[in-house]
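Participant: Could you look at this predicted model? Sequence included:
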Amino acid sequence: MTTEETPPAVRMEGITKRFGDVVANDTVDFSLEKGSIHALLGENGSGKTTLMSVLYGLYEKNAGTIYVGGEPRTFESPRDAMDAGVGMIHQHFQLVETMTVLQNIILGHEPSDNGFVDTSTARKDIEEICSRYDFHVDKFLDTKIQDLDLGARQRVEIVKSLYRGADILILDEPTAVLTPQEIEDLLDLMEELADAGHSLIFITHKLGEALGAADEITVLRDGEAIGTVDAGETSEEELARMMVGREVQFDRPPRDPPKGDTVLDAEQLHVRGSRGLEQVSGVDLTVREGEILGVAGVQGNGQTEMVEALTGLRDIDSGSVRLNGETITDTNRRQRIDAGIAYIPEDRTTEGLVQDYTLVRNALLGNQTVEPFVDNRMIDWAAVHDHAGEIIQEYDVQPPTKSADAKSLSGGNQQKFIVGREIEHDPDVMIASHPTRGVDIGSIEFIHDRLLELRDAGMAILVVSSKLDEIQKLSDRIVVMYEGEFMDTVDPVETTEEELGMLMAGHDAGSGDNVPSGGVQL
Amino acid sequence: MLRASVIERLAIATASTALALLIGVSIVAAAGYDPVQFITSMIQGAIGGQSAIARTLRFSTLFILTGVAVAVAFRAGVFNIGVQGQFVVGGFATIMSIIWTAPLLPEGIIGGVGLLLIGFVAGACAGGAYGALPGALKAYADANVIITTIMLNFIATGVVGWLVQNPFRGEGNAAPNTERIPEYVSLPSIVFDSSGFSIIGLGIALATVAIIFVVMERSRFGYDMVTSGHQESAATYSGVGAKRTVVMTMALSGMVAGIAGAVFAIMIQGYYTDPSGIGTYGFDAIAVSLLAANNPIGIIPAGLLFGGLESAGSHIGIYTDVPVQLIDGVIGLVILFVAVPELFRMAAVRTGLGGER
């Protein structure tokens, strides 16, 4: 606890940060004790990185006060922050690949000797830092970054910050790109740094890591700080519940889903992620006509890879995918669109819409093989034009301007346009990945209603979301994904938040005790 | 793409050209030459009389074709710097295919038209294949297109240079040239009585512009290609195969470059020679395309401007005592003023460092 003599290393009070009309941080309080590790836990888009970027001088806050070492401070730029001893290690490393480790570390802070770079002093200083901790970086000071693995690159980033005199270190999702062994090494290293008096902020969305490495954990959700807990006095279930929470109460009339024909099914699906590690480990799933299957789970447990494998955007390692009984495992994305798989993508800004295309041109995206928009490989722009108008009207896209660029629309309206386009595609199965992430309440209701209508009309729908209320409201069956596997199928009416929380943390709810089943990391 | 309207764009180009000429002329005057004479012979060289106009249009024809070749690739986000190489390979293939098939066809008009068709098809195919090669290297081996296309330029120039020097040198030729293609295989000038320019050649260039415009704006392939250039992840989401698109884009770009090579070979030369001495149309085309913001229709005025400058330059070089280096410098200034701002804006947008989107 804070005492009078030692003020917290960093204290942020009532921080608010808005981007246009989106509130990324809403009066957030956060405090980092000296010599401790504080995890900032939350889903993608919950405002963790924004909060830290405000601290680091990358963004200007709209309201609130920041204290560093007890003094009110506002950094104008990262350079300012560095001078005050705050270092940030970004998720994407800021290293020059073709330069050596030594050159990268001293870049921008080169010790000079009559105008020449004094490499021998730099080398000595770096070796000093390395010998204090277990960095193993000094052995390859003259190796080029491109020849190092990602774990080593990360250590270079840390040494770089320390070399610049950082006392407070912010690590943004440092484990995202690491192998389990590298993660373990990193967490050990973080502990060592904290023991030596450094204060660390650890941004993550992984419960186990936060629990294993941090002293304190602050959970962010939709830009708000939900609470700060002591790592020793909390559990994965509590954290999972805090992360996903429940924003709105809803009425969910009990429903007997019709036992329709199977539309989409997958068997023993194994899929690798972008780094070559297996992210989906033997998933079986079935989606029937007229039902919504909800996939719940904390983000990063293989949902993205599973969806990409089903939609044809990612190769499948082994297993099979069938649509209406026909095997489509080896078909590509376009063939799957033609076969009747519509997809509301996880990321509307990079995938769902071309940002500097008009809505008319965006209405053709994914419809390039659909008549009457394209006939005999030639586009009928008049038909596309009318189609864009229909989507805008039917799905209440504001402003209703066909010639507006996609990027000029708010998130909710962009999403409504995508949802409209994919539904009007008249598919056999709809796969919706986080269909309402970062969308205003009005649009959430609208999109939910549309999906439920679609279900009532007999469509097979797969919804992936990390929002529990959304999953419970929409789904006829819920499966929980954890570390690439489905934990259990539960009934959305009978299940409880506690049960879902346990499953999302990898605990088998049925067994009654809290024995980790999937081998919780750390 | 930049948002300036066509009128604004033309106004900007005109103002930039005028400003660049003003500075250029000041330099000419400072170097002790008559600036008034310089300007008049420049205008004279570009549009003064039939032969000057014919010469301007001859250069313009080639700049338009090579410019469109560059624009196709740039619009798709593929930086094809290899138009020069594709131009050379296409032109060489045109000449050789005509020489080889000429004995098989009757002489005269029928044979002439047949051989022209064979020549153009061969040029387009060879250029397309030579473009598809770096496309495939990008798609299947992740080789940087800028680097491979630059290297393939050298390879094209070197290999064709050796071929015309040795195995394919025309009998009794002192110069490193192939045989001439038969007299009856030519593009007649029709409008201007000028060797080296045919209105048919210009017609081919304009038709190519029209076809490429339709492909980019109205065809599915064009939409897929341009979408890849704008936002690759969205293109992939919509079912566009990134690998196939890169190869197809490069093949199309190379085909247009090959057609440019065919026009050059048939309309201007009638034989093939060491490509290190035939001009750098494929490189100048990058500036032409940038000036037109990679828009195929915009390539037409941009190509005319470059054609006029080139023509004026060659005229001044002959009829005034201003050294050729100074003339090239003035032309370079115009390019710098007109095209480079576009380049920077494009680079700024692409790297997210600002600029209008």
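Facilitator: Yep, it's here.
Participant: Can you report phi and psi for residue A:399?
Facilitator: Main-chain dihedrals, residue A:399, degrees, to the nearest 10: phi -70, psi 150.
Participant: Now do it: how many residues are near it, please.
Facilitator: The number of residues packed near residue A:399 is 10, by other Cβ atoms under 10 Å in any protein chain shown. The way it works is simple: take the backbone N, C-alpha and C, and place the C-beta from them, glycine included.
Participant: who's in contact with it?
Facilitator: residue A:409 (Cβ atoms under 8 Å, 6 or more residues apart in numbering or on different chains).
Participant: Tell me how far it lies from residue A:384.
Facilitator: Separation of residue A:399 from residue A:384 (Cβ to Cβ, to the nearest Å): 19 Å.
Participant: Kindly report the residues of the stretch 201-350 of chain A close to chain B.
Facilitator: A:312-313, A:332-334, A:336-337, A:343, A:345, A:347, A:350 (Cβ under 8 Å from any Cβ of the partner chain).
Participant: Give me the buried subset of those.
Facilitator: A:312-313, A:333-334, A:336-337, A:343, A:345, A:347, A:350 (16 or more other Cβ atoms under 10 Å in any protein chain shown).
Participant: for the residue nearest to the spatial centre of chain B, helix, strand, or coil?
Facilitator: In chain B, the centroid-proximal residue (Cα atoms, centre = their mean) is residue B:66; its distance is 2.1 Å. Assigned by DSSP: H, G, I helix; E, B strand; the rest coil, the conformation of residue B:66 is helix.
Participant: Quick check: it touching residue B:287?
Facilitator: No - counting by Cβ atoms under 8 Å, residue B:66 does not reach residue B:287; the two are 10.5 Å apart.
Participant: Look through chain B and state the residue closest to chain A.
Facilitator: residue B:239 (3.2 Å; Cβ to the nearest Cβ).
Participant: who touches the closest residue to chain B within chain A in this structure?
Facilitator: Residue nearest to chain B within chain A (Cβ to the nearest Cβ): residue A:334, separated by 3.2 Å. Neighbouring residues of residue A:334 by Cβ under 8 Å, 6+ apart: A:312, A:368-369, B:239-241.
Participant: what's the farthest-apart pair in those?
Facilitator: Farthest apart among the contacts of residue A:334 by Cβ to Cβ are A:312 and A:368. That separation is 14.4 Å.
Participant: hang on, the earlier thing: with distance to residue B:260 and secondary structure as extra columns, can I get the buried ones among the residues of the stretch 201-350 of chain A next to chain B in TSV?
Facilitator: TSV is the format used below for those (distance: Cβ to Cβ, whole Å; DSSP: H, G, I helix; E, B strand; the rest coil):
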residue	distance to residue B:260	secondary structure
A:312	38	coil
A:313	38	coil
A:333	35	helix
A:334	33	helix
A:336	40	helix
A:337	37	helix
A:343	42	strand
A:345	41	coil
A:347	41	coil
A:350	36	helix
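Participant: out of these, which one sits closest to residue B:105?
Facilitator: Of these, the one sitting nearest to residue B:105 (Cβ to Cβ) turns out to be residue A:334, at 43.4 Å.
Participant: now for the host helix or strand of residue A:451, which elements pack on it?
Facilitator: Assigned by DSSP states H and E, residue A:451 belongs to helix A:441-456. Contacts defined by 3 or more Cβ pairs under 8 Å, 6 or more residues apart in numbering or on different chains; DSSP states H and E place helix A:441-456 against strand A:292-296, helix A:411-424, strand A:429-433, strand A:460-464, helix A:468-474.
Participant: Mind giving me the packing neighbours of the longest one?
Facilitator: Under the contact criterion of 3+ Cβ pairs under 8 Å, 6+ apart, the helices and strands touching helix A:411-424 comprise strand A:341-344, helix A:359-363, helix A:381-394, strand A:429-433, helix A:441-456.
Participant: Show the average pLDDT along the shortest one.
Facilitator: Averaging pLDDT along strand A:341-344 yields 95.
Participant: could you measure residue B:280 against residue B:178, distance?
Facilitator: From residue B:280 to residue B:178 the distance is 21 Å (Cβ to Cβ).
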